[in-house]
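Peer 1: Got a predicted structure here, sequence first:
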Amino acid sequence: MADDVHAVTMPKLGETVTEGTLSQWMKAVGDEVAFDDPLFEVSTDKVDSEVPSAYDGVLLEVLVAEGETVPVGTVLAKIGPAGAATGGSPAPVQAVPAAPPPPAPAPNGEAAADVHTLTMPKLGETVTEGTLSQWMKAVGDEVAFDDPLFEVSTDKVDSEVPSPYDGVLLEVLVAEGETVPVGTVLAKIGPAGAATGGATTPTPAAAAPTPARAAMQSGNGQGRLLSPVVRRLVAENSLDLASVTGTGAGGRIRREDVLAAIATAPARTQAPSATPAASARPAPAAPPTAPVAAAVAGDREEVVPLSRIRLVTAERMLQSKQTSPHVWTSVEVDLERIEIIRQKHKAQFRKDEGASLTYLPFIARAACDALRAHPAVNASVDIASKTMTFHKFVNLAIAVDLDERGLMAPVIKDADALNLRGMARAVRRVGEAAKAKKLSSDDLSGSTFTLTNPGPLGSYASAPIINQPNVAIMSTEGVSRRPTVVGDAIAIHHMCVLGFSYDHRAFDGVTAARFLMYIRDALQDRDWEAELA
């Protein structure tokens, strides 16, 4: 029947994505398909993603071949009921919503309808996997609707996930620290008084991989299943997977394992460009490299694994330095007039807004205006396509410290449309959301310029690393009373340094200097009291 045949379409893997390339089919026509089995892999200009099946059944027909690029929404294949004939033209299909997986049998004979499965949520359109950082409840604990249940970390955001059900946590299927694909069953919640099943860890099947699953393996993967992120990191860094120890379930190699291997691998030297003469000569044998020994703690030392946020930060900072030729410059700013305004209005501002009036909103407002005046600083560079994109809006990222555990850079969208009070509210909102782990993936994406603010800790000058794909980042340093020349006299004013790191591919030192001069003059000369009122 037509109702039993489902269409599989090209998914939309991002707000601006309009098409995708079908890289690989993980199943062949005639194969049985289970809900959430990896079905195919899609490549876009932003991400490579494995797409799981939304249905149970049999793959009846493949309509788009590997390597073809088609628009979002194009029908790629048809899935029908078990036993259906394949290869022909089945009955007309309907692109109906995915049916949820059938509930697992309930322990001790409880009705299956009373047992709910919890799966790894999709915390962003391009997110394909997540790390279960922490369980907030233990097996046997009562769970109320909307209670914080577990914490998930992805490469974009850390989020607390609330329970969608009332009941008792019957069983935990994924342990803390495990990285699993979106849609993986994490736990089961049943009715109050139900018997619990304990905490278990799923192990992969020992059977030989099917041809479809073999497509998921890297050439040197020794038969192990690898996520797209792991495969990309392995390929980019020419790693031999035989030397990588998997810490996931059943020895699965996780992103953290690959990053740790990259960090400890011997530095690779870049081969010189080949010439006819050079290619005719055999390359000299490389000297043997001693293996890097695992870190061993001394009597007064402790070796601990790097957290996910530290590993992600390491990867991104290294990528940024490799991508952009960083240049640093700075300017000193006299904030005395702003300090007078702050002192005059701080009591009323706290009464109105419930927070202090800091220097940061003033600097952020001036920076937004400077970005509009100097569009090359509010841009991104694509060397591969030999293009530069000028953004006609300002999405301002603000770096937030998470109690020395790492940094997040939540984004204030359309920050150039905010006045001083609006900017102060927005800065406070994203900071509080970051510390409370309430940020979504969207809150951390789309920035066009970044501010980092070590000033409250008394820093003098910083050279921050650019937040890709921005072309610049500015640090706001500590404000202190210092002597400065005012006219023909010397006065003691509130002074600070603004540090500015920029991508020399996008613009030159003249633009950087003029950008900082614009901000300096705005902070020193603008009628901020009128805007504050």
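Peer 2: Noted; the coordinates are in hand. Numbering: from 1, shown residues only.

Peer 1: Per-residue pLDDT of the nearest residue to residue 454 once chain neighbours are set aside, please?
Peer 2: Nearest residue to residue 454 in three dimensions, chain neighbours excluded: residue 462, at 5.7 Å (Cβ to Cβ, 6 or more residues apart in numbering). Where you see a C-beta, it was placed from the backbone N, CA and C, and this is true even at glycine. What the model reports as pLDDT for residue 462 is 93.

Peer 1: Residue 462 against residue 453, yeah?
Peer 2: No: counting by Cβ atoms under 8 Å, residue 453 is not a contact partner of residue 462; they are 9.8 Å apart.

Peer 1: of the two, who's got more company?
Peer 2: Using other Cβ atoms under 10 Å as the criterion, residue 462 and residue 453 rank with residue 453 on top: 23 against 20.

Peer 1: quick one: low-confidence parts of the stretch 1-150 of the chain?
Peer 2: Along the stretch 1-150 of the chain, the parts satisfying pLDDT under 70 run over 1-3, 14-17, 45-48, 87-113, 124-126.

Peer 1: what ranges do the strands span in the stretch 251-400 of the chain?
Peer 2: Listed in chain order, the strands of the stretch 251-400 of the chain (DSSP state E, counting those that start in this stretch) span 326-334, 379-382, 387-390, 396-398, 400-401.

Peer 1: lowest-pLDDT helix or strand in the protein?
Peer 2: Least confident helix or strand of the chain, by mean pLDDT, DSSP states H and E, is helix 211-214 with a mean of 36.

Peer 1: one step back: any idea which of the strands of the stretch 251-400 of the chain is most buried?
Peer 2: Of all those, strand 396-398 carries the top mean neighbour count, a mean of 25, counting by mean count of other Cβ atoms under 10 Å.

Peer 1: Tell me where the stretch 251-400 of the chain has helices.
Peer 2: Here the stretch 251-400 of the chain has its helices, by DSSP state H, counting those that start in this stretch, at 255-264, 276-280, 308-323, 336-353, 360-373.

Peer 1: Contacts made by the host helix or strand of residue 60 with the rest, please.
Peer 2: Residue 60 belongs to strand 57-62 when elements are defined using DSSP states H and E. Counting contacts by Cβ atoms under 8 Å, 6 or more residues apart in numbering, the residues outside strand 57-62 that touch it are 4-6, 25, 27-33, 39, 76-90.

Peer 1: what's the answer for stretch 76-85, then?
Peer 2: With Cβ under 8 Å, 6+ apart as the test, stretch 76-85 has contacts from 4-10, 22, 32-33, 39-40, 53, 55, 57-64, 70, 90, 93.

Peer 1: Of the residues you listed, which belong to strands?
Peer 2: By the criterion of DSSP state E, membership of the contacts of stretch 76-85 in strands covers 6-9, 22, 32-33, 39-40, 57-62, 70.

Peer 1: and residue 473, what pLDDT?
Peer 2: pLDDT, residue 473: 98.

Peer 1: what's the answer for the one 4 residues further on, then?
Peer 2: Residue-level confidence at residue 477 comes out at 95, pLDDT.

Peer 1: Nearest spatial neighbour of it, chain-adjacent residues omitted?
Peer 2: Spatial nearest neighbour of residue 477, excluding adjacent residues (Cβ to Cβ, 6+ apart): residue 497 at 4.5 Å.

Peer 1: Can you name the residues that contact that neighbour?
Peer 2: Applying Cβ under 8 Å, 6+ apart, the residues near residue 497 are 330, 331, 332, 333, 460, 461, 477.

Peer 1: could you dump those residues to TSV with distance to residue 384?
Peer 2: Converted to TSV, the contacts of residue 497 look like this (distance: Cβ to Cβ, whole Å):
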residue	distance to residue 384
330	32
331	33
332	38
333	38
460	38
461	34
477	35
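
Peer 1: re earlier: nearest to residue 189, of the strands of the stretch 251-400 of the chain?
Peer 2: The closest of the strands of the stretch 251-400 of the chain to residue 189 is strand 400-401. By Cβ to Cβ, the value is 33.0 Å.

Peer 1: which residues touch that closest one?
Peer 2: Contacts for strand 400-401 (Cβ under 8 Å, 6+ apart): 407, 408, 409, 410, 430, 431, 434, 435.

Peer 1: picking up where we left off before, adjacent strands (with direction) for the strand holding residue 60?
Peer 2: Strand pairing for strand 57-62, using DSSP bridges, gives strand 32-33 (antiparallel), strand 75-80 (antiparallel).

Peer 1: Check which residues of the last one are buried.
Peer 2: Right, strand 75-80. Buried residues in strand 75-80, defined by neighbour count with 16 or more other Cβ atoms under 10 Å: 76, 77, 78, 79, 80.

Peer 1: What is the nearest of these to residue 136?
Peer 2: Nearest to residue 136 among the buried residues of strand 75-80: residue 79, at 36.4 Å, using Cβ to Cβ.

Peer 1: can you tell me how far that closest one sits from residue 495?
Peer 2: 67 Å (Cβ to Cβ, to the nearest Å).

Peer 1: How about residue 295?
Peer 2: Relative to residue 495, residue 295 is positioned 44 Å away (Cβ to Cβ).

Peer 1: before we move on, back to that, just the buried subset of the ones in strands among the contacts of stretch 76-85, written out for ChimeraX, thanks.
Peer 2: To isolate the buried ones among those in ChimeraX, judged by 16+ other Cβ under 10 Å, type:
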select :6,7,8,9,22,33,39,40,57,58,59,60,61,62,70
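
Peer 1: Among the ones in strands among the contacts of stretch 76-85, which pair sits farthest apart?
Peer 2: Taking Cβ to Cβ, the two most distant members of these are 32 and 70; they sit 25.3 Å apart.

Peer 1: So, low pLDDT: which residues of the stretch 201-350 of the chain?
Peer 2: Applying pLDDT under 70 to the stretch 201-350 of the chain picks out residues 201-229, 232, 248-252, 255-256, 264-294.

Peer 1: quick check: longest strand of this structure.
Peer 2: strand 489-503.

Peer 1: so which of the strands paired with strand 57-62 gets nearest residue 358?
Peer 2: Closest approach to residue 358 among the strands paired with strand 57-62 (Cβ to Cβ): strand 75-80, 52.1 Å.

Peer 1: Out of the buried residues of strand 75-80, flag the one nearest to residue 163.
Peer 2: Of all the buried residues of strand 75-80, residue 163 sits closest to residue 79, with 31.2 Å by Cβ to Cβ.

Peer 1: Could you check how far the closest one is from residue 530?
Peer 2: Here the criterion is Cβ to Cβ. By it, residue 79 lies 64 Å from residue 530.

Peer 1: Next up, the contacts around the closest residue to residue 120 other than its chain neighbours.
Peer 2: Of all residues not flanking residue 120 in the chain, residue 184 sits nearest, at 4.6 Å (Cβ to Cβ, 6+ apart). Residues near residue 184 by Cβ under 8 Å, 6+ apart: 36, 119, 120, 174.

Peer 1: In CSV: these, plus neighbour count, distance to residue 151 and secondary structure.
Peer 2: Formatted as CSV, the contacts of residue 184 follow (neighbours: other Cβ atoms under 10 Å; distance: Cβ to Cβ, whole Å; DSSP: H, G, I helix; E, B strand; the rest coil):
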residue, neighbour count, distance to residue 151, secondary structure
36, 20, 22, coil
119, 17, 15, strand
120, 26, 12, coil
174, 25, 12, coil
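
Peer 1: What sits closest to residue 345 if chain neighbours are left out?
Peer 2: residue 532 (5.9 Å).

Peer 1: ditto for residue 136
Peer 2: Spatial nearest neighbour of residue 136, excluding adjacent residues (Cβ to Cβ, 6+ apart): residue 148 at 4.7 Å.

Peer 1: same thing with residue 237?
Peer 2: Leaving aside its chain neighbours, residue 237 sits nearest to residue 262 (5.2 Å; criterion: Cβ to Cβ, 6+ apart).

Peer 1: Please apply the same query to residue 514.
Peer 2: Spatial nearest neighbour of residue 514, chain neighbours left out: residue 374 (6.5 Å); criterion: Cβ to Cβ, 6+ apart.
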